[in-house]
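**Student:** can you look at this prediction? I've put the sequence above it.
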Amino acid sequence: MFDNLILLIGITLMYSTPLVFGALGGVISERSGVTNIGIEGMMVIGAISAASASYFTGNPWIGFLAAGICGALVALLHAVASVTFAADQTVSGVAINMLAPGLALFACRLFFDGAAMSPIATKLPKILGETGLAGTPFANLNVNVTTVLALLFTVIMWFVLYKTKWGLRIRAVGEHPAAADTLGIDVYRVRYACVLLSGMLAGFGGAAMTIAIISQFTQTAISGHGFIAMAAVIFGKWTPFGAYGACLLFGFTQALVIMLGGGNFVVPSQILSMLPYAMTIVVLILFVGRSVAPKADGVPYIKGSR
Amino acid sequence: MEASPDYAVQMHGILKTFGSFTALDRVDLDVRKQTVHAILGENGAGKTTLMNILYGLYQADEGEIFMSGNKVSITSPTEAIKHGIGMVHQHFMLVENFTVTENIILGDEVCGAAGVLDMAKARKEVMALVNEYGFDVDPDAKIEDITVGMQQRVEILKALYRGAEVLILDEPTAVLTPQEIEKLIEIMHDLIAKGKTIIIITHKLKEIMQSADECSIIRRGVYMGTVDVKNTSETELASKMVGRNVNLTVEKTPATPGDVVLSVRGLTVKDERGIEQVRNLSLDVHAGEIVGIAGIDGNGQQELVDAITNLVKAESGTITINGEQIQNTTPRNTFLHSIATIPSDRHRWGLVLPFAVSENTVLERHADEEFGAGLTLDYDKLRAYTTKLIEQFDIRPSGCEDERMSGLSGGNQQKAIIARMVSAAPNMLIAFQPTRGLDVGAIEFVHKTLIAERDRGAAILLISFELDEVMDVSDTIAVIYHGQITGTFAQGTVDENQLGLLMAGGEAK
């Protein structure tokens, strides 16, 4: 029983980590007033970038950084479309979600002689090394270093958003961009920065999947994680800690799938696998419309119009 | 006029075009230091455009700006702020879920190392300002929780915090109660005494007479001159603004009310967030009577109208028209009971802007046999009908049947709505903010039409945020506060101050 509990906590933390990165990306972008449906696509790009860079350099940290950079590059597309050209942010995000898996597969086949998945890449370390706590009942709590990074980023984002002038400005731009503009704050620059940061975090999320949880890129490595992360943003009321908690909940359902699927449980595993997604839908039904989004979320800012 | 250090702001020969439209045609403005200078003009005359140029939001195509006799170039709000110019916009530029202090420091934050906010110090600085000017503002309150009058003072504090010497107030009284207006005028005079200069944009003549020293008039982008307020009258200002003589007083005979047409009993309506906006409200409107509802925006007026027109559900209570209950049915049912509505936002509810004028005139009645047979519309009949309305209501430009509605001016769009509503000879007419955004001439037309409808025997429910309008046009005045009618008076038995107190939630004396 105790072992199972520790295992459950370990798996929950493991599976929630990519979601946390994605959700933090969603929080920072939407707080500045740009809806980012493209988190999923940016995570996919992060996933392939991390696996490839780690495989070729042998250094998983370079893979992690590459994921952030490539995620930010994709986010740049979204920023140009939705901030500079005031395009529909949903359409732009959907376009990225359609583009990214194709691009990732193309890159994969290009790099790895036509293979649809990457070879095994070097993984990021666990916090206590590969053998830390081995043999003790707490072995499963030796989590990936990304899990700690995710929590650290959550704290940093909370601090930046609520305790610094940059955060005050980001929140003002997301609530009332015209007000910020009249006070000399460059709305476009703030939004660009936030969207790029959003892509970087989503890219890290992809990396947290392919070079921490599993150790290669596959076409299904990221399958809906970005959308679950977006649900976590809403469930978490657009706050870093709220989103973190929501991700833990979704990670927990994933852990349940694994725990129950492994035993002699009466429910078929195919049905169980639906649990995280079903949970997402339930949470969205219950919370969309109830929690209050930043007022200018999804509304392009055009100077001079009110 | 020469540039001189006696003037806080001088704008000379300002030209601004938007495409082929000339918004400002070489306008001059000379504002003496330590005075209140009003800029008067109709809607769309260009007064806000002129101020947006001064505040750096727009760039002039031609012209020069001087401050204290020195030529300046203002290319952004940041630069305007640096030159000591502050602007309070008509629609407040406040972040609703921020505190007063956060709003004031935004963009010019009080920080420790590495951009970390020092809120304690910021609060102290804000308090110092609040005390210096004697403003009644709580620095820790959230904007969404304070009154509109306080929000306006926060806007003024924002400008003062940035060291503004010249304050631009854009339509500052549009959303205030009479008491708040008085307080604002007091604040303005106090600021002048402390060395500031104030420019106020308005089309309200009474307030210019009360508060301003000088008044510059702009008509259709052209500067019409500056007058000394001491030596002028409201009528003179009005005719200068419009370019013809206007009748500022509403002329009407006493009402001869008939039977009750609309009867609302115990009505409660919630908004989409589940908050009660109309609370147990009761109201009667008789045939041949104009009942005016005075109140500040957001006290349940929208929900009341939406419930009568069946756009929202009533939680409880009844709405009866000529003895038949109509609550919680359909908008169509309201219309079929001969209730016509002039909505508060003509673009949102009244018109389909991309449709032709003729299509817009039959929005409710397109299915009538008069305009078609079976599945098709008879466009010839539709056009002929519209031509009749255009002539009858003087909708301009004449011959606009096939023009898009969006091509008409605001006043003519409003005429089109009124024509459509009135031509059906309704038993009941609801006029919600019927003169919103209209100029003096168009307002005169709307008021005359309302009174003519009353004399025809229609019951009229007038809901307006303009207290003067309610007082001038209504036969019976009711005050709405927090979703309840807090007082009902016959016209002439109540003054502005009593109504203002009730509108702000106080007790009438």
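**Tutor:** Right, received. Where do you want to start?
**Student:** with adjacent residues omitted, what lies nearest to residue B:160?
**Tutor:** Nearest in space to residue B:160, with sequence neighbours left out and distances taken as CB to CB, 6 or more residues apart in numbering or on different chains, is residue B:129 at 5.8 Å. (C-beta placed from N, C-alpha, C; glycine too.)
**Student:** ok, the one you found - how many residues close by?
**Tutor:** Residues near residue B:129, counting by other CB atoms under 10 Å in any protein chain shown, number 17.
**Student:** does residue B:487 count as helix, strand or coil?
**Tutor:** On the three-state scheme (DSSP: H, G, I helix; E, B strand; the rest coil), residue B:487 is labelled strand.
**Student:** so what's it bridging to?
**Tutor:** In this entry, residue B:487 is beta-bridged to residue B:479, by DSSP bridges.
**Student:** for it, which residues are in contact?
**Tutor:** B:478, B:479, B:494, B:498, B:499, B:502, B:508 (CB atoms under 8 Å, 6 or more residues apart in numbering or on different chains).
**Student:** quick one: is whichever strand or helix holds residue A:200 near chain B?
**Tutor:** Secondary structure assigned from DSSP states H and E places residue A:200 in helix A:187-208. No. Taking CB under 8 Å from any CB of the partner chain as the criterion, helix A:187-208 and chain B are apart, separated by no less than 11.1 Å.
**Student:** ok now whichever helix or strand comes after that helix, how far from the chain's centre?
**Tutor:** Heading C-terminal from helix A:187-208, the first helix or strand you meet, by DSSP H and E, is helix A:225-235. Helix A:225-235 has its C-alpha centroid displaced from the chain centroid by 8 Å (CA atoms, centre = their mean, to the nearest Å).
**Student:** and helix A:225-235, what does it pack onto?
**Tutor:** Contact analysis of helix A:225-235 by 3 or more CB pairs under 8 Å, 6 or more residues apart in numbering or on different chains; DSSP states H and E lists helix A:2-31, helix A:39-57, helix A:187-208, helix A:240-262, helix A:275-287 as its packing neighbours.
**Student:** okay, that helix in CSV with CA atoms only?
**Tutor:** Taking C-alpha atoms only, helix A:225-235 is exported to CSV below (Å, rounded to 0.1, in the frame of the first residue of the first chain):
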residue,chain,number,x,y,z
HIS,A,225,-0.5,17.4,-23.7
GLY,A,226,-0.6,21.0,-25.0
PHE,A,227,-4.4,21.0,-24.9
ILE,A,228,-4.5,19.5,-21.5
ALA,A,229,-2.0,22.3,-20.4
MET,A,230,-4.4,24.9,-21.9
ALA,A,231,-7.2,23.4,-19.8
ALA,A,232,-5.0,23.6,-16.8
VAL,A,233,-4.5,27.3,-17.5
ILE,A,234,-8.2,27.9,-17.3
PHE,A,235,-8.7,25.6,-14.4
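**Student:** mean confidence score for it?
**Tutor:** Here helix A:225-235 scores 93 as its mean pLDDT.
**Student:** just the buried positions in it, please.
**Tutor:** A:225, A:226, A:227, A:228, A:229, A:230, A:231, A:232, A:233, A:234, A:235 (16 or more other CB atoms under 10 Å in any protein chain shown).
**Student:** how many neighbours does residue B:313 have?
**Tutor:** Using other CB under 10 Å: residue B:313 sits among 11 other residues.
**Student:** list the contacts of it.
**Tutor:** Residue B:313 sits next to B:269, B:307, B:328 when contact means CB under 8 Å, 6+ apart.
**Student:** repeat that for 7 Å
**Tutor:** residue B:328 (CB atoms under 7 Å, 6 or more residues apart in numbering or on different chains).
**Student:** do the same with the one 3 residues further on
**Tutor:** If you count contacts by CB under 7 Å, 6+ apart, residue B:316 has them with B:266, B:268.
**Student:** and the pLDDT for it?
**Tutor:** For residue B:316, the pLDDT comes out at 95.
**Student:** do the one 3 residues further on as well
**Tutor:** Model confidence at residue B:319, given as pLDDT, is 95.
**Student:** which SS class is it?
**Tutor:** Here residue B:319 takes the strand state, with states given by three-state DSSP.
**Student:** that one against residue B:310, yeah?
**Tutor:** No. Counting by CB atoms under 7 Å, residue B:319 sits too far from residue B:310 to count as a contact (8.7 Å).
**Student:** returning to what we had before: helix or strand for the residue nearest to residue B:160, which one?
**Tutor:** With DSSP H and E as criterion, residue B:129 is part of helix B:119-133.
**Student:** between residue B:319 and residue B:310, which one's more packed in?
**Tutor:** Counted by other CB under 10 Å, residue B:319 and residue B:310 do not tie: residue B:319 has more neighbours, with 25 against 21.
**Student:** with adjacent residues omitted, what lies nearest to the more buried one?
**Tutor:** residue B:327 (4.3 Å).
**Student:** quick one, what contacts that neighbour?
**Tutor:** B:307, B:314, B:318, B:319.
**Student:** so what's the residue count around the third one?
**Tutor:** I take that to be residue B:318. Counted with other CB under 10 Å, residue B:318 comes out at 15.
**Student:** so what secondary structure elements neighbour the helix holding residue B:129?
**Tutor:** Contact here means 3 or more CB pairs under 7 Å, 6 or more residues apart in numbering or on different chains; DSSP states H and E; on that basis helix B:119-133 packs against helix B:100-105, helix B:148-161.
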